[in-house]
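*Asks:* What shape does this take:
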Amino acid sequence: MIDFGFFAEILPKLLGGLPLTLELALTSILVGFVLALTLALAQQCASRIVVLPIRGFVGLFRGTPLLVQIFLIYYGVGQFRPQLAAIGLWGVFREPYWCAVIALTLNTTAYGSEILRGGIQSVPRGLVEAARSLGLSRYQTYRHVILPLAFRQALPSYGNEIVLMVKGTSLASIVTLMEVTGIAQGLISQTYRAFEVFICAGAIYLTLNFAVIRALAALEYAMSRHLRRIPSMMSGGVAS
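*Replies:* All right, here's what the predicted structure looks like:
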């Protein structure tokens with residue numbers, strides 16, 4: 001029998017880890033988006049010297065589990081403590097928070113760069129040539145033509161990546177970070193009631209991702225406003 005009193009008891013404790021979950025997700029998503037866009041634009045270059053290292057990075061982080069990446073950054077990099085200390089980076093890699101942020105950021109950068117690259121390449125060549133014929137520079141063409149269309153094309157897929165990254169923050173508990181999943185594991189060790197604890201934790205992630213999905217749907221609706229004008233214009237023409 002479900003004990004709703006127990007749910008009411010553990011919910012505030014689990015919500016105590018929500019700020020850290022949100023911080024990990026927002027930091028990795030925002031920084032990862034900037035890096036992903038940079039890599040996607042760099043891959044438009046014809047130079048193999050630029051493209052091949054990026055593809056190697058993307059293949060590495062897309063082809064290995066996020067869990068392994070977190071372990072390598074948190075535990076593996078520690079083997080190079082003298083070298084990191086010599087360049088002033090040991091203070092970063094000895095902190096579980098920054099190791100988790102780095103792993104999450106690099107992971108979403110790899111996936112996001114491929115999504116944005118696909119969005120950029122999906123822009124019709126004719127639109128680019130039309131922009132050039134109007135005298136727009138390469139920078140202006142990207143800013144006013146290519147990137148707006150690419151973002152709109154890539155938004156559904158990038159939205160899925162954001163949802164996956166929110167869920168991916170649960171792996172930060174393996175490096176002792178007490179976000180929602182970390183607190184849930186602590187509660188289970190105290191109460192031995194894994195079923196109720198994980199149901200409550202899952203409900204928190206479900207609610208959080210539902211809010212993310214609705215926000216992304218609203219953004220996609222706003223970015224496709226021009227498409228909703230076409231039927232009204234056509235109906236107006238028929239009526240006249």
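
*Asks:* and Gly135, helix, strand or coil?
*Replies:* Recorded secondary structure, Gly135: coil (DSSP: H, G, I helix; E, B strand; the rest coil).

*Asks:* Contacts only, for it.
*Replies:* Shown in contact with Gly135 (Cβ atoms under 8 Å, 6 or more residues apart in numbering): no residues. For glycine as for every other residue, the C-beta is placed from the backbone atoms N, C-alpha and C.

*Asks:* how close does it get to Leu66?
*Replies:* Distance, Gly135 to Leu66, by Cβ to Cβ, to the nearest Å: 46 Å.

*Asks:* Next: Met178.
*Replies:* Distance, Met178 to Leu66, using Cβ to Cβ: 19 Å.

*Asks:* same thing with Ala203?
*Replies:* Counting by Cβ to Cβ - Ala203 and Leu66 are separated by 23 Å.

*Asks:* and the two? which has more neighbours close in?
*Replies:* A count of neighbours by other Cβ atoms under 10 Å puts Leu66 above the other of Ala203 and Leu66, at 17 against 13.

*Asks:* my read: the more buried one touches Leu171, true?
*Replies:* Yes - at 5.9 Å, Leu66 counts as touching Leu171 under the criterion of Cβ atoms under 8 Å.

*Asks:* where in the protein is pLDDT low?
*Replies:* 1, 226-240 (pLDDT under 70).

*Asks:* Just give me the longest helix of it.
*Replies:* Counting residues, the longest helix found in the chain (DSSP state H) is helix 194-223.

*Asks:* helices or strands next to it in the packing?
*Replies:* Under the contact criterion of 3 or more Cβ pairs under 8 Å, 6 or more residues apart in numbering; DSSP states H and E, helix 194-223 touches helix 4-15, helix 18-42, helix 147-168, helix 180-191.
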